[in-house]
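S.K.: below is the structure, and that's it, no one-letter string:
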């Protein structure tokens, strides 16, 4: 069983995806980490994230990098948003993601193009969203806990810029799959959001079974 979870930054898709993976005993992949790894690799190699050739050169990284705490920083997130706009970077990471999705037993993947590009035939698809202000509040709290001094206004501005970049890029833009269930986490607790996510997945699985 493959479950695709998409949505913008700080919408709660990662939390929901991890909970679904635990509930259904499936492996989970945060595909955004792959792009954060490319961005961080670009930084370490002193390359230019806006140059596609440089970003592609940084796409060949060791899996150990995915466990590096540096990938959770705001800088890594900003770099990820830049490098992910390059078509050749997305192509370089495509098979890596599809291989994970198609492993025996299935998997849960979260990102921005899982239900539309990586696993368009997923058994269940969710699109997780929340208002920009609430997403910025969540992200600001995370960064503050990490010791960041970024203001809320700066975080909100960054969220809006990332949304525009993610939705406006030519290569696999952030869009909701036509057959995805919408999960708005704006005013839901984590527990309520997870409960609703499981309900949406179960509904899709029942429909799929009924339609053969």
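M.R.: Thanks, I have the structure now. Source: prediction; values computed, not measured.
S.K.: helices along this structure, start to end?
M.R.: With helices called from DSSP state H, the chain shows them at 13-24, 32-44, 52-57, 74-83, 87-101, 132-145, 152-168, 190-210.
S.K.: would you mind finding the most buried of those?
M.R.: Compared across those, helix 32-44 shows the largest average neighbour count, a mean of 23 (mean count of other C-beta atoms under 10 Å). Just so you know, the C-beta spots here come from the backbone N, C-alpha and C atoms, and that holds for glycine as well.
S.K.: could you give the angle of that helix to helix 13-24?
M.R.: On the basis of axes from the mean of the first three to the mean of the last three C-alpha atoms, to 10 degrees, helix 32-44 is oriented at 130 degrees to helix 13-24.
S.K.: picking that back up, pipe the helices of the chain into TSV and attach distance to residue 120 and mean pLDDT per row.
M.R.: Output for those, formatted as TSV (distance: least, C-beta to C-beta, whole Å; pLDDT from 0 to 100):
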stretch	distance to residue 120	mean pLDDT
helix 13-24	17	98
helix 32-44	18	96
helix 52-57	24	97
helix 74-83	23	91
helix 87-101	10	94
helix 132-145	26	94
helix 152-168	18	93
helix 190-210	14	96
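S.K.: which one of those helices lies closest to residue 66?
M.R.: helix 32-44 (5.2 Å; C-beta to C-beta).
S.K.: so the closest one versus helix 74-83, what angle?
M.R.: Using the same axes, to 10 degrees: helix 32-44 against helix 74-83 is 100 degrees.
S.K.: what's helix 32-44 in contact with?
M.R.: With contact meaning C-beta atoms under 8 Å, 6 or more residues apart in numbering, helix 32-44 is reached by 14, 48-49, 54-55, 58-59, 61, 65-66, 68, 70-72, 75-84, 89, 93, 96-97, 110-112.
S.K.: next: stretch 204-212.
M.R.: If you take C-beta under 8 Å, 6+ apart as the criterion, stretch 204-212 is touched by 1, 123-125, 179, 181.
S.K.: and which of those residues is nearest to residue 190?
M.R.: Using C-beta to C-beta, residue 181 comes nearest to residue 190 of the contacts of stretch 204-212, at 17.9 Å.
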